[in-house]
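Asks: my questions are about this predicted structure, shown below with the sequence.
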Amino acid sequence: MKRSVARLADGRELIYFDRRDDADRSMLDEREPSPRPPASELRYDPLTEEWVAMAGHRQGRTFLPPADECPLCPSRPGHLTEIPAPDYDVVVFENRFPSFSTNLGIYQDAGGLSEVRPGVGRCEVVCFTAEHSSSFSQLSEAQVGLVMEAWADRTAELSEIPGVEQVFCFENRGSEIGITLAHPHGQIYAYPYVTPRTRQQLAAAARHTGGNLFADILAAERAAGVRVVAANEHWTAFVPAAARYPFEVHVYPHRQVPDLVALTPEERAAFGPLYTGVLRALDGLFGVVMPYVSAWHQAPVREGRDLAYLHLELFSIRRAPGKLKYLAGSESAMGAFVNDVLPEEAAGMIRSQVDH
């Protein structure tokens, strides 16, 4: 793998990850630079004990442009994009509209009981392929491996930023989920705090007796078998017994590791075929492109690393042809989920499509 670092016209960092050592990445960003927004403002909610980012500059971000105006495609004459090169394998760059950054502004007391502090951190965009009409499920094993190398590289480097407490790699896919760009891509958030979901999981793991909670869940699902949808020597994909979403799949490595950086070359190589098979199975359920969120759960930078267990959670809001599960009153207001599809039924449906 060749790693090349460049700068965009406004100073944002861009990193190429190439399979070829002779890839030329000397092209310059010829666009006029625009001012970079300051970091968001974090406000603390004393009722939920959670931080909320106020990032008003994100209102102006690009929204569903036509394919010939996509900012994530390679640059070409007459259309300069975020990637100056005429082609690329995998590219990572600093988000133009970040939720968190190191470009600090001026922050004032919000009043009331809410503490206010800057949203220090970093947000990056990961372009999985230069092919605009492709998807993660279409990537070759080598290409998935390159994406994993990029994820691990960025996890390690972003974890070193002062103030960053957790690194989150994820992909949103499909207009139903709320994507703003159709090009196959994901994002990476370097948070200045440990996220609520991670805190909740680590607290449950700390209370668990008899072994590691995540490892015990994986062992129980493998033993039961009824909700397992795919497995190989290093990974198992299963629908959790208490799935929140109609179609939800968790993918666990068989060995407890804290993050993507800690995976062996063999584990990284084994992930791609299993994961892309699950994605294609989801697309095959109803014969339409399945919208989804795919989220890597990694250990925080400093705390709970002995309890954490790297895993991926993949879920879709589609529950049937032409029907979506919207987060209604119970889910949105109370955080109390009601699932319309039995996990065992969902697992059987997905399993029937694997490798078809």
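Replies: Nice, thanks for sending it over.

Asks: next, the buried residues of stretch 333-342.
Replies: For stretch 333-342, the neighbour count (16 or more other CB atoms under 10 Å) marks 339, 341 as buried. Heads up, the C-betas are built off the backbone N, CA and C, glycines and all.

Asks: what mean pLDDT does that stretch get?
Replies: Stretch 333-342 carries an average pLDDT of 96.

Asks: first-to-last residue distance for it?
Replies: End-to-end distance of stretch 333-342: 23 Å, with CA to CA, to the nearest Å as the criterion.

Asks: from the chain's centre, how far out does that stretch sit?
Replies: Computed by CA atoms, centre = their mean, to the nearest Å, the chain-centroid distance of stretch 333-342 equals 23 Å.

Asks: what's that stretch in contact with?
Replies: 243, 244, 245, 246, 247, 319, 325, 330, 331 (CB atoms under 8 Å, 6 or more residues apart in numbering).

Asks: count the neighbours of the fifth one for me.
Replies: By the measure other CB atoms under 10 Å, the count of residues near residue 247 is 26.

Asks: and residue 351, that one's in a helix?
Replies: Yes - per DSSP: H, G, I helix; E, B strand; the rest coil, residue 351 lies within a helix segment.

Asks: surely it is in contact with residue 229?
Replies: Yes - counting by CB atoms under 8 Å, residue 351 does reach residue 229; the two are 4.7 Å apart.

Asks: returning to that earlier point: out of the contacts of stretch 333-342, list just those in helices.
Replies: If you go by DSSP state H, those have 330, 331 in helices.

Asks: what subset of the contacts of stretch 333-342 is buried?
Replies: Of the contacts of stretch 333-342, these count as buried by 16+ other CB under 10 Å: 243, 244, 245, 246, 247, 319, 325, 331.

Asks: out of the residues you listed, list just those in strands.
Replies: 247, 319 (DSSP state E).

Asks: and of the buried ones among the contacts of stretch 333-342, the nearest to residue 22?
Replies: Set against residue 22, the nearest of the buried ones among the contacts of stretch 333-342 by CB to CB is residue 247 (42.5 Å).

Asks: pLDDT averaged over the longest helix seen in the chain - what is it?
Replies: Counting residues, the longest helix found in the chain (DSSP H) is helix 265-286. Across helix 265-286, pLDDT averages out at 97.

Asks: go on, stretch 232-241?
Replies: 98.

Asks: again, but for stretch 176-189
Replies: Averaged across stretch 176-189, pLDDT comes to 95.

Asks: buried set for that stretch?
Replies: 177, 179, 181, 182, 183, 184, 185, 186, 187, 188, 189.

Asks: farthest pair within the buried ones among the contacts of stretch 333-342?
Replies: 247 and 331 (15.8 Å).

Asks: before we move on, the earlier item: from the contacts of stretch 333-342, which is closest to residue 355?
Replies: residue 247 (17.4 Å).

Asks: hey, what's that closest one bridged with?
Replies: Counting by DSSP bridges, residue 247 forms beta bridges with residue 316.

Asks: quick one: it and residue 287, what's the gap?
Replies: 14 Å (CB to CB, to the nearest Å).

Asks: of all the contacts of stretch 333-342, which two lie farthest apart?
Replies: 247 and 330 (19.2 Å).

Asks: return the residues in contact with residue 283.
Replies: 137, 289, 290.

Asks: among the residues you listed, who's most crowded?
Replies: residue 290 (22 neighbours).

Asks: count the neighbours of the closest residue in space to it that isn't next to it in sequence for me.
Replies: Leaving aside its sequence neighbours, residue 290 sits nearest to residue 282 (CB to CB, 6 or more residues apart in numbering; 4.1 Å). Residue 282: 25 surrounding residues under other CB under 10 Å.

Asks: surely residue 282 and residue 315 touch.
Replies: No - counting by CB under 8 Å, residue 282 sits too far from residue 315 to count as a contact (9.9 Å).

Asks: which residues do those two both contact?
Replies: 247, 249, 292.

Asks: where's residue 296, which helix or strand?
Replies: Per DSSP states H and E, residue 296 falls inside strand 292-297.

Asks: having no further points to raise, I will conclude here.
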